[in-house]
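In: kindly generate the corresponding structure for this input.
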Amino acid sequence: MGLVSFAKRCLLQLLLSLAIFFIPIVWATASDHSLFSLGVSLAVSALCYLLLPWDLIPNWLPLIGWIDNFVALLVLIGGGLLAGAGLAVSMED
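Out: Numbering: from 1, shown residues only. Presented below is the predicted three-dimensional model:
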């Protein structure tokens, strides 16, 4: 086993452990039907998709392969904005 192969396996294990860490957060916020929980669920799901090495469309396809990453980035930003809006609304009450 070479050093590069070992580094890839370690990185993959780290990313999977991060995804497993975020699953309970998404599950807990999905049970609450507020704007904040929807935003957090979207943001965490998009972040997990961006961190994991698998893609719906492979990145080696020119330009087309980056579309799913771009959409996930937009969902991450939108989820963060929704979470912030939900937090602001809950603080007003």
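In: residues of stretch 47-60 that come out buried?
Out: L47, C48, Y49, D55 (16 or more other CB atoms under 10 Å). Yep, even glycine has a C-beta here, placed from its N, CA and C like the rest.
In: state the phi and psi torsions of the residue nearest to the third one when sequence neighbours are not counted.
Out: Translated: Y49. Once its chain neighbours are removed from consideration, Y49 has its nearest residue in A72; the separation is 4.7 Å (CB to CB, 6 or more residues apart in numbering). Dihedral angles of A72 (phi, psi; degrees, to the nearest 10) stand at phi -60, psi -40.
In: just give the number of residues close to A72.
Out: Residues lying near A72 (other CB atoms under 10 Å) number 19.
In: quick check: it touching L52?
Out: No: using CB atoms under 8 Å as the test, A72 is too far from L52 to be in contact (10.1 Å).
In: what sits in contact with each of those two?
Out: Common neighbours of A72 and L52 (criterion: CB atoms under 8 Å, 6 or more residues apart in numbering): none identified.
In: and of the buried residues of stretch 47-60, the nearest to A85?
Out: Relative to A85, the closest of the buried residues of stretch 47-60 is L47; by CB to CB it sits at 18.3 Å.
In: helix/strand/coil for that closest one?
Out: Classification of L47 using DSSP: H, G, I helix; E, B strand; the rest coil returns helix.
In: dump the residue contacts of the closest residue to it other than its chain neighbours.
Out: Taking CB to CB, 6+ apart, and ignoring the residues beside it in sequence, L47 has L76 as its nearest neighbour in space, at 5.8 Å. With contacts taken as CB under 8 Å, 6+ apart, L76 has the following neighbours: L42, A43, A46, L47, L50.
In: turn the residues you listed into CSV, including pLDDT.
Out: Formatted as CSV, the contacts of L76 follow (pLDDT from 0 to 100):
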residue, pLDDT
L42, 79
A43, 80
A46, 82
L47, 80
L50, 78
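In: nearest to L82, of those residues?
Out: Checking these against L82 with CB to CB, the nearest one is L42 at 6.6 Å.
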